[in-house]
Structure formats: C-alpha cells, structure tokens
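Participant: got a sequence here, can you model it:
(one chain, ligands or ions: 1)
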Amino acid sequence: MMQRKRLKPCKTCGTKPVLEHWASGGPMYAVRCNNPDRPDSCDEAFYFSKCRNPDEAIRKWNEYQENGGTQS
Ligand SMILES: [Zn+2]
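Facilitator: Predicted structure coming up:
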C-alpha cells in the first residue's frame, strides 16, 4: 500500500487543499485551495499544479507552497 503524499496548506490563506481531477482530452489533476472565499492569488497554485498525474500535481502544489513557483 503506497502512502499518500501530504498536501501542504495553502500559503496564501492557510486552508487545507483538495486534489481535484477531471477529464480534458485525458485525465487532468490539480490541487486547489478549499477556501470558498479564496482570493484569486490562491488559484495561482492551482494552475501551477495542473498536470496529468496526481502525484505530480501534489508535488507541484507543495513546491509552489515552498518556493512560490517562481521558476518558468
Ligand atoms: Zn488559499
């Protein structure tokens, strides 16, 4: 049994995020801040984490919370 990776809380508002998935020409995954009143800045991490692999989405979300996703 693989251990699920931990999601860091949203650094903008401190809310616990959720892993979302949908289909867009194939499976898509992204982690979103679960604050219903979140400011737009919370969603930057959501767009940054968007990809086709859930583990990668979690990794990218955590990376964004650590370094702000400033790299290109
Ligand atoms: Zn947030």
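Participant: please go through the protein and pick out the longest helix.
Facilitator: Taking DSSP state H as the criterion, the chain has its longest helix at helix 54-67.
Participant: hey, where'd the strands end up in the protein?
Facilitator: Using DSSP state E, the strands of the chain run over 17-23, 27-33.
Participant: deepest-packed of the ones you listed, please.
Facilitator: With neighbours defined as mean count of other Cβ atoms under 10 Å, these peak in mean count at strand 27-33, which reaches a mean of 20. C-beta coordinates here come from the backbone N, C-alpha and C atoms, glycine included.
Participant: which one is the residue nearest to the spatial centre of the chain nearest to, not counting chain neighbours?
Facilitator: The chain has residue 31 as the residue nearest its centroid, 2.7 Å off, counting by Cα atoms, centre = their mean. Computed as Cβ to Cβ, 6 or more residues apart in numbering, the closest residue to residue 31 that is not its neighbour in sequence is residue 61, at 3.7 Å.
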